[in-house]
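Undergrad: sharing a sequence plus its predicted fold:
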Amino acid sequence: MSGNLLDAGTVIGCPHGGRVTAATPPAGGIRVAGAAVATTAHSYVVTGCPHTVDRVPSPCVTVRWTAAGTGITVDGASVLLDTSAAQCFSAAFVPQGPPVVQAAQRKVTVR
């Protein structure tokens with residue numbers, strides 16, 4: 001699997017326009033251009049999602065990432081790439097689509 005590393009400065013959104021941020025910000029570990037590399041050890045939350053179902057608000061509130069197959073870890077946790085599988089979920093844990101990575105670390109490519 002190849003892709004660009006996600007880090008603390010990566011701009012990520014939910015499929016409906018909400019903003020994805022790290023609830024447990026990447027810190028320590030490995031840094032690329034001064035930003036900590038994101039791993040599966042970090043949790044992510046969504047704010048500002050306007051999604052509704054039948055006029056009932058059903059915003060994305062969290063993102064779960066699956067980083068399999070890279071073989072690259074930081075402090076024992078797999079690194080996240082812009083190609084890593086992920087899913088946004090509502091508060092009721094209903095899958096609502098994959099997050100959109102708008103900008104990822106371009107200085108390091110994992111192949």
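TA: Ah, there it is.
Undergrad: how many other residues sit next to Leu81?
TA: 24 (other C-beta atoms under 10 Å). Glycine gets a C-beta too; all of them are placed from N, C-alpha and C.
Undergrad: tell me if I'm right that it and Leu6 touch.
TA: Yes - look at Leu81 against Leu6 with C-beta atoms under 8 Å: they come within range, at 6.5 Å.
Undergrad: any stretches of this protein with poor pLDDT?
TA: Under the criterion pLDDT under 70, the flagged ranges of the chain are 1, 25-29, 67-70, 103-111.
Undergrad: apply 90 and report the result again.
TA: Residue ranges of the chain with pLDDT under 90: 1-10, 22-43, 66-84, 102-111.
Undergrad: distance of Gly97 from Ala77?
TA: 24 Å (C-beta to C-beta, to the nearest Å).
Undergrad: just Thr21 next, same as before
TA: Following C-beta to C-beta, the distance that separates Thr21 from Ala77 is 18 Å.
Undergrad: before we move on, what about Cys14?
TA: 23 Å.
Undergrad: give me the more crowded residue out of the two.
TA: Cys14 (26 against 15).
Undergrad: now the more buried one, nearest residue through space, not along the chain?
TA: Ranked by C-beta to C-beta, 6 or more residues apart in numbering and with sequence neighbours excluded, the top spatial neighbour of Cys14 is Cys60, at 4.0 Å.
Undergrad: bridged to that neighbour, which residues?
TA: Ser90 (DSSP bridges).
Undergrad: do the same with Gly13
TA: With DSSP bridges as the rule, Gly13 is bridged to Arg19, Val100.
Undergrad: go ahead and confirm it touches Gln102.
TA: Yes - with contact defined as C-beta under 8 Å, Gly13 reaches Gln102; the gap is 6.2 Å.
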